[in-house]
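Sequence and predicted model, in that order:
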Amino acid sequence: MLPLSALPRLLPGIALSVLVSGLAILLERVEVALSGGHWIESLVLAILLGTGLRSSLRIPSAFDAGIAFSAKILLEVAVVLLGASVSIAEIGAAGTLLVAGIAAVVVLSLAVSYGIGRALGLTPKLATLVACGNSICGNSAIAAAAPVIAAEADDVAAAIAFTAVLGVGAVLLMPALHAATQLSDLQFGIFAGLTVYAVPQVLAATASAGLVSTHAGTVVKLVRVLMLGPVLLALGALGNGASGRVSLRHVAPWFIVGFAAMMALRSAGAIPAVLLGPITTASGLLTTVAMAGLGLTVDVRSVTRSGGRVILAAIASLLVLCALSLALLTLLAIN
C-alpha cells in the first residue's frame, strides 16, 4: 500500500499526467465534433502530448516521481481492472495452438534479435537487453533482465531509450497498419499483442479497432508477458551475470496476478453486471493517464545520444517480430 507520506512527492507528477490526459480527452472530443470520427484516440493523443512536453521543455525533477508512478503503477491498476472485461472462455477460445505459437514467436524473436545485435557490433549484454525488450515486453523486460545478466547502466539506458521511442511509434502507426493490411479485427488484435511492447500500449494500439481487437490483443500480450519468467530463469541458468538471481516479482508481476484474479471473478459471475461498465470506464481513464505519464518519460532527443547501431538493432528486431507474427497468423489460418 502506498504510504501517505509519499503523496506530496507524487502529486505534482500525477497532476501533470492527469492534466495532459484531460487535454487529450478534450482534443478527442473536438476531433469527433469536427470530423465525426475517432481518427486519433485520446490514448494516442496523451502519448503525443506527453512526449512533446518532455522533448521540448525542461520539466522540473519534482515531477519525475509522480510521472513515473502514473506511467507504471496507474497503468498496472488499469490492467488489473481490465481483467473484469475478459472471461476465461475467451482464452480457451484462443486454443493451445495459439499459445504455443506465441511462445514460439517469442523464442525465435529472442534468438534472431540477439543475432542482429551481435552482427551490428553490440556487446553480448546490450544485445540481450534489446532482444528481451523487443521480444517480450519492452522496458519491463529490459529492467527485469538487467540484474540477471549484470548489465551496465549505460547499456540499460540505451536499450530503454530506443524501446520507449519505438514503443510509442508502434502505437501511433498501428491504426494506419490496420487499415493498410486489411487485417480483421481479431487478426489485428493478435498481431498487436505479438508486436507492441507494453500491455497498455496494446490497449492504445487496438482502441480504434474495437473490443474484439482489444481483448484479443490483451490476452495475447499477457501470454507473451508470462514468457518473461522462463526467459529470466534461462538467463540465470546460463550464468550470463555475476548473480544470476531472478526476482519472483519479475516472474509473476502483481498486475498479471491481479488481471488473472479479476478475470476469474468475471468468469465465475462474482462481479455484478452493474459494475462491469464503471470498471471498464475506470480502466480506460487510468490507461489514458498512464499513457500521458508514459509520454512524459520519453525524450526523443535521447535517440541521438544512444548510438546508431542500437537504433538499427532495435528497428531490425521489431521488423523481424512483425514478420514472425504475420507468419503465425497465416500458419494458424486465423481470420
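Looks like it came in fine.

can you list the weak-confidence ranges in the stretch 151-300 of the chain?
Residues of the stretch 151-300 of the chain that meet the criterion pLDDT under 70 lie in 153-154, 157, 200, 239-253, 256.

what about the helices in it?
Taking DSSP state H, counting those that start in this stretch as the criterion, the stretch 151-300 of the chain carries its helices at 153-181, 185-195, 199-206, 211-226, 228-238, 248-251, 254-267, 273-295.

wait, which of the ones you listed is closest to residue 50?
When the helices of the stretch 151-300 of the chain are compared by Cβ to Cβ, helix 273-295 sits nearest residue 50, at 2.3 Å. (Each C-beta comes from the backbone N, C-alpha and C, glycine too.)

next SSE after the closest one?
Counting by DSSP states H and E, the next helix or strand C-terminal to helix 273-295 is helix 308-331.

CA atoms only: put that next one into CSV for me.
Taking Å, rounded to 0.1, in the frame of the first residue of the first chain, the C-alpha atoms of helix 308-331 are listed here in CSV:
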residue,chain,number,x,y,z
GLY,A,308,23.2,4.3,-34.5
ARG,A,309,23.9,0.6,-34.0
VAL,A,310,21.3,0.3,-31.2
ILE,A,311,18.8,2.1,-33.4
LEU,A,312,19.4,-0.3,-36.3
ALA,A,313,19.3,-3.3,-34.0
ALA,A,314,16.0,-2.3,-32.4
ILE,A,315,14.3,-1.4,-35.6
ALA,A,316,15.5,-4.6,-37.4
SER,A,317,14.5,-6.7,-34.5
LEU,A,318,11.0,-5.2,-34.5
LEU,A,319,10.6,-5.8,-38.2
VAL,A,320,11.6,-9.4,-37.7
LEU,A,321,9.0,-9.7,-34.9
CYS,A,322,6.3,-8.3,-37.2
ALA,A,323,7.2,-10.8,-39.9
LEU,A,324,7.1,-13.7,-37.4
SER,A,325,3.7,-12.5,-36.1
LEU,A,326,2.2,-12.3,-39.6
ALA,A,327,3.6,-15.7,-40.4
LEU,A,328,1.9,-17.1,-37.3
LEU,A,329,-1.5,-15.7,-38.3
THR,A,330,-1.1,-17.3,-41.7
LEU,A,331,0.1,-20.6,-40.3
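
From the contact counts, what lies against that helix?
helix 88-119, helix 124-132, helix 153-181, helix 185-195 (3 or more Cβ pairs under 8 Å, 6 or more residues apart in numbering; DSSP states H and E).

what does it contact?
101-102, 104-105, 108-109, 112-113, 116-117, 120-122, 126-127, 130-131, 133-135, 158-159, 162-163, 166, 170, 183, 187, 190-191, 194-195, 303 (Cβ atoms under 8 Å, 6 or more residues apart in numbering).

So how do I select the buried members of these in PyMOL?
Of the contacts of helix 308-331, the buried ones go into a single PyMOL selection, burial set by 16 or more other Cβ atoms under 10 Å:
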select buried, resi 101+102+105+108+109+112+113+116+117+120+122+126+127+130+131+133+134+135+158+159+162+163+166+170+183+187+190+191+194+195+303
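
Tell me the spacing between the closest residue to residue 223 other than its chain neighbours and residue 190.
The spatially closest residue to residue 223, leaving aside those adjacent along the chain, is residue 102, at 4.9 Å (Cβ to Cβ, 6 or more residues apart in numbering). Applying Cβ to Cβ, to the nearest Å, the value for residue 102 to residue 190 is 9 Å.
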